[in-house]
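*Asks:* coords below, sequence missing:
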């Protein structure tokens, strides 16, 4: 069987996240539907990251297996013709049989976008979190960098998650500002549910405090979601890249 | 009476343009509704540019008169609380009695955004025109610059327009590329209906031709909309700035 890798861009606004759910529009369900129609046989896809409801992607990766002997370019063109306009296939390539979008991935990179000005935005309202209060970007950046490394991120895991092992390795975490936008980008080997939004909410809560670094250390060490700050909204978040050994 | 100037950002996707029309959602109608509720008296607003259906704005300007003695900051806050999220008041300032958003304006600047890559976009689908074919940006830019100056733009006026005098002065017209986006920006004292979209459609049509400059001259001289290229779609267009003598 052929193994095909897709790189996907999507606007998560109108979806209940990546993972398929009965009777609800999801990214996985919508792509599987289109693939099933395109190939005339049921297709299941595997995604690299299970983005939550309202979260976007510029570089989600998925793979699926098929016997259909269609040229690879026809998968991309056919899917883009069939998919609703808020999901786009940026790339389709044939990969070795053992490629698995989720388990082969060595890291994921998420970006969180904050609009930091006095009034909201009409044009990017689905893509940025409006936060009019003061932000100390260098403090935010310093706090983010303290999270780099391998540690237990249980304090930033959505309550009710079933994952027992909360250890992740954060490779990079930084914050910067461009005009009226503040960005937080985090790359890690894996992410817990709600992790990026809890981290951003926490550094945003403490960035104006003198003892922010100590507070962050206390929160990480507590391994208790109740100690961290509130999660920022989903619509500011985007999965921007997934890395594989060969990419 | 007080005269108040508003700077507006809006996502034109769900509106039938700026100008008020019975039983159809328009930007003017929606802002007037909100102002009427806010001030508890009927308010009419004057806009600097009548953007078409689906066209956006980052810097539309409007003004209105009122007797209401509300602090100026309360107009901005109150309107942003009442308006739907796809219309935002960026600024509200009190201006002299003779300020008129349309007649006092000395120039308007529009930007057209083209997505020039092999596959469409999910995230910016309402804000850029997907054009996968080759674009010679320096040729586009050279053609745009030939339009600078005071001349009759009848060839770029929407047929059926009632304006008799088609003379406008283009102060600047340029084209540039950033990653996968090609932008065309035009500033003029005034614009005819459909003018930016007809100009962009025309330079896009001829940019790969050896005799593009001669074709453009022929089109301008014909003063006939039938000679120009097809208009590009509304959703790539945004009114980005309106200039006044004092601003």
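*Replies:* Sure, I can see it. Values in this document were obtained by computation on a predicted structure and should not be read as measured data.
*Asks:* count the residues that sit near the closest residue to residue A:150 other than its chain neighbours.
*Replies:* Leaving out its chain neighbours, the residue that sits closest to residue A:150 by CB to CB, 6 or more residues apart in numbering or on different chains is residue A:169, at 4.2 Å. Any C-beta I mention is one placed from the backbone N, CA and C, and that applies to glycine too. Counted with other CB atoms under 10 Å in any protein chain shown, the neighbours of residue A:169 add up to 14.
*Asks:* low-confidence ranges, chain A, go.
*Replies:* A:162, A:247 (pLDDT under 70).
*Asks:* residues in it within reach of chain B, list them.
*Replies:* Chain A comes close to chain B at residues A:9-11, A:56, A:58, A:76, A:80, A:85-90, A:119-123, A:125, A:127, A:238, as judged by CB under 8 Å from any CB of the partner chain.
*Asks:* on that earlier part again, quick one, what contacts the residue nearest to residue A:150?
*Replies:* A:149-150, A:188-190 (CB atoms under 8 Å, 6 or more residues apart in numbering or on different chains).
*Asks:* can you tell me how far it sits from residue A:99?
*Replies:* Here the criterion is CB to CB, to the nearest Å. By it, residue A:169 lies 22 Å from residue A:99.
*Asks:* repeat that for residue A:42.
*Replies:* Residue A:42 is 20 Å from residue A:99, by CB to CB.
*Asks:* the more surrounded of those two?
*Replies:* residue A:99 (20 against 8).
*Asks:* doesn't residue A:64 make contact with that one?
*Replies:* No - Residue A:99 is not in contact with residue A:64 according to CB atoms under 8 Å; the separation is 10.8 Å.
*Asks:* give me the common contacts of those two.
*Replies:* Once CB under 8 Å, 6+ apart is applied, the residues that residue A:99 and residue A:64 both contact turn out to be residue A:3.
*Asks:* sorry, back to before: chain B: which of the contacts of residue A:169 is nearest?
*Replies:* residue A:188 (22.7 Å; CB to the nearest CB).
*Asks:* coming back round to it: most neighbours of all the contacts of residue A:169, which one?
*Replies:* Most surrounded of those: other CB under 10 Å gives residue A:188, at 22 neighbours.
*Asks:* which residues touch that residue?
*Replies:* Residue A:188 neighbours (CB under 8 Å, 6+ apart): A:107-108, A:168-171, A:195.
*Asks:* and it, how far is that from residue A:246?
*Replies:* Taking CB to CB, one finds residue A:188 at 20 Å from residue A:246.
*Asks:* cool, residue A:23 as well?
*Replies:* Distance from residue A:23 to residue A:246, by CB to CB: 38 Å.
*Asks:* hmm, back to that, next, format the contacts of residue A:188 as CSV and append secondary structure.
*Replies:* Conversion of the contacts of residue A:188 to CSV gives the following (DSSP: H, G, I helix; E, B strand; the rest coil):
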residue, secondary structure
A:107, strand
A:108, strand
A:168, strand
A:169, strand
A:170, strand
A:171, strand
A:195, helix
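*Asks:* if any of these are buried, put those into a ChimeraX selection.
*Replies:* Those of the contacts of residue A:188 that count as buried under 16 or more other CB atoms under 10 Å in any protein chain shown are selected in ChimeraX with:
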select /A:107,108,168,170,171,195
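*Asks:* so where do the strands sit in chain A?
*Replies:* Assigned by DSSP state E, the strands in chain A fall at A:2-10, A:45-47, A:56-66, A:87-95, A:107-115, A:129-130, A:149-152, A:167-178, A:181-188, A:237-243.
*Asks:* point out the one among those that comes closest to residue B:28.
*Replies:* The closest of the strands of chain A to residue B:28 is strand A:129-130. By CB to CB, the value is 24.6 Å.
*Asks:* work out the gap between the closest one and the centre of the chain.
*Replies:* 17 Å (CA atoms, centre = their mean, to the nearest Å).
*Asks:* contacting residues around it?
*Replies:* A:112-115, A:120-121, A:232-233, A:235-236.
*Asks:* of these, closest to residue B:132?
*Replies:* Among the contacts of strand A:129-130, and counting by CB to CB, the member closest to residue B:132 is residue A:113, at 26.8 Å.
*Asks:* show me what the closest one is bridged to.
*Replies:* residue A:183 (DSSP bridges).
*Asks:* can you pull the contacts of it?
*Replies:* A:124, A:127-129, A:181-183, A:236-238.
*Asks:* go on, residue A:114?
*Replies:* So residue A:114 contacts A:128-131, A:135, A:181-184, A:200, A:204, A:232, A:236 (CB under 8 Å, 6+ apart).
*Asks:* tabulate these (TSV), appending distance to residue B:212 and neighbour count.
*Replies:* Formatted as TSV, the contacts of residue A:114 follow (distance: CB to CB, whole Å; neighbours: other CB atoms under 10 Å in any protein chain shown):
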residue	distance to residue B:212	neighbour count
A:128	39	22
A:129	45	21
A:130	44	19
A:131	47	16
A:135	48	18
A:181	37	16
A:182	43	24
A:183	40	17
A:184	45	26
A:200	49	28
A:204	51	23
A:232	49	23
A:236	43	26
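*Asks:* what's the closest of these to residue A:160?
*Replies:* Of the contacts of residue A:114, the one sitting nearest to residue A:160 (CB to CB) turns out to be residue A:232, at 18.6 Å.
*Asks:* using the centroid of chain A, identify the residue furthest from it.
*Replies:* In chain A, the residue that sits farthest from the middle, by CA atoms, centre = their mean, is residue A:69; the gap is 32.0 Å.
*Asks:* how many neighbouring residues does the nearest residue to residue A:167 once chain neighbours are set aside have?
*Replies:* Nearest residue to residue A:167, sequence neighbours excluded (CB to CB, 6+ apart): residue A:152, at 5.3 Å. Applying other CB under 10 Å, we find 15 other residues in the vicinity of residue A:152.
*Asks:* now, among the contacts of residue A:114, which is nearest to chain B?
*Replies:* Comparing the contacts of residue A:114 against chain B with CB to the nearest CB picks out residue A:130 as the nearest, at 9.7 Å.
*Asks:* thought residue A:245 was touching residue A:104?
*Replies:* Yes - using CB under 8 Å, residue A:245 is in contact with residue A:104, at 7.1 Å.
*Asks:* the two: which is more packed in?
*Replies:* Set residue A:245 next to residue A:104 and count neighbours by other CB under 10 Å: residue A:104 wins out with 21 against 8.
*Asks:* phi first, then psi, for the more buried one.
*Replies:* As for residue A:104, its main-chain torsions (degrees, to the nearest 10) stand at phi -80, psi -20.
*Asks:* which residues touch it?
*Replies:* Per CB under 8 Å, 6+ apart, neighbours of residue A:104: A:98, A:244-245.
*Asks:* now the residues you listed in a markdown table, with distance to residue B:27?
*Replies:* Shown next, in a markdown table, are these (distance: CB to CB, whole Å):
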| residue | distance to residue B:27 |
| --- | --- |
| A:98 | 54 |
| A:244 | 46 |
| A:245 | 51 |
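*Asks:* just the residues you listed now: which is nearest residue B:30?
*Replies:* Nearest to residue B:30 among the contacts of residue A:104, with distances taken as CB to CB, is residue A:244, at 47.4 Å.
*Asks:* now the closest one, nearest residue through space, not along the chain?
*Replies:* Leaving out its chain neighbours, the residue that sits closest to residue A:244 by CB to CB, 6+ apart is residue A:104, at 5.4 Å.
*Asks:* touching, residue A:194 and residue A:155? I think so.
*Replies:* No - judged on CB under 8 Å, residue A:194 makes no contact with residue A:155 at a distance of 11.1 Å.
*Asks:* so these two - more neighbours on which side?
*Replies:* Per other CB under 10 Å, whichever of residue A:194 and residue A:155 has more neighbours is residue A:155, with 24 against 20.
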